[in-house]
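Colleague: fold the following.
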Amino acid sequence: MRAFAALTTTALAAAAALLLSACGSDVKPSDIIKGAQAAAPPSPSPSVADAARRPKITLPADVHDVFEDTSTGDPVKDAIWHDTAQLVMAHDEAIAEGNPRLPALLYYLAGLLAQPAYSRSVEGYVTDGLTVTGTDRYYAPHITVNSDTASLNYCSDESKAFGKVRKTGKVLTTPVSINSYVLHIAQLKRNPAGVWQTTYADTKRGASQCEQ
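Modeller: Model prediction:
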């Protein structure tokens, strides 16, 4: 389990709650799908990828983000899951590089809530002299689309993902427990280039509905 939750959004919770109410979000943690199947990270269609000119994301050799349920049968939902996967990997790259303003990270963020939250998350690792290592598994996306906005919740299994001390390389291993499972809740908006940017995100560690 990593030393931090994926995001540190506590200070933004009140404003975020107001945003969610205004957007009419219907995120329901209980709706998470069971029985995920492993697959490669989702990819957008060539036309979408070319138009958006997405940045290249490079992770350290010891960091692996595995995404499941990559084909929902709906191209719009597949695009949302793809861009969320890119954000997750960009977040890990920003942590590894110690750069809270990594261009690839900011590319997938928009609004007054998401960018500060992700930057503060990266800063937390840097301040504590930590980075990340291991394999993090992401699965069971539940997506609701409303024109150019969407609600998304999904799970992650951090039982094989850990914090690592930057200076010494020491891996901070932890035993598997309920806290290894994290529920992620997000709001996204599609920009003019067709990129689904996250406008709000939060995490809830110890999510029993994510155990699988």
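
Colleague: tell me the buried residues in the helix ranked longest in the chain?
Modeller: Counting by DSSP state H, the longest helix found in the chain is helix 75-97. Across helix 75-97, burial judged by 16 or more other C-beta atoms under 10 Å covers 77-97. Any C-beta I mention is one placed from the backbone N, CA and C, and that applies to glycine too.

Colleague: and that helix, what does it pack onto?
Modeller: Other helices and strands packing on helix 75-97, by 3 or more C-beta pairs under 8 Å, 6 or more residues apart in numbering; DSSP states H and E, are strand 63-67, helix 103-107, helix 111-127, strand 130-146, strand 149-165, strand 181-190, strand 196-205.

Colleague: could you redo the last one with a cut-off of 7 Å?
Modeller: If contacts are counted by 3 or more C-beta pairs under 7 Å, 6 or more residues apart in numbering; DSSP states H and E, helix 75-97 sits against strand 63-67, helix 103-107, helix 111-127, strand 130-146, strand 149-165, strand 196-205.

Colleague: who's in contact with that helix?
Modeller: If you take C-beta atoms under 7 Å, 6 or more residues apart in numbering as the criterion, helix 75-97 is touched by 41-44, 48, 54, 57-60, 63, 65, 67, 70-72, 100, 102, 104-105, 108, 118, 122, 125, 131-132, 138, 141, 143, 145, 150, 152, 186, 188, 195-196, 198.

Colleague: just the buried residues of the residues you listed.
Modeller: 41-42, 44, 48, 54, 57, 63, 65, 67, 70, 72, 100, 102, 104-105, 108, 118, 122, 125, 131-132, 138, 141, 143, 145, 150, 152, 186, 188, 195-196, 198.

Colleague: and the residue most central in space within the chain, how far from Tyr139?
Modeller: Centroid check for the chain by C-alpha atoms, centre = their mean gives Val88 as the closest residue, at 3.9 Å. Distance, Val88 to Tyr139, by C-beta to C-beta, to the nearest Å: 12 Å.

Colleague: same question for Thr70.
Modeller: 10 Å.

Colleague: just for the protein, where's the confidence low?
Modeller: 2-52 (pLDDT under 70).

Colleague: burial of Gly73, as a residue count?
Modeller: Other residues within reach of Gly73, judged by other C-beta atoms under 10 Å, total 6.

Colleague: quick one: it is in a strand?
Modeller: No - Gly73 sits outside any strand when classified using DSSP: H, G, I helix; E, B strand; the rest coil, being coil.

Colleague: ramachandran angles for it?
Modeller: Dihedral angles of Gly73 (phi, psi; degrees, to the nearest 10) stand at phi 90, psi 0.
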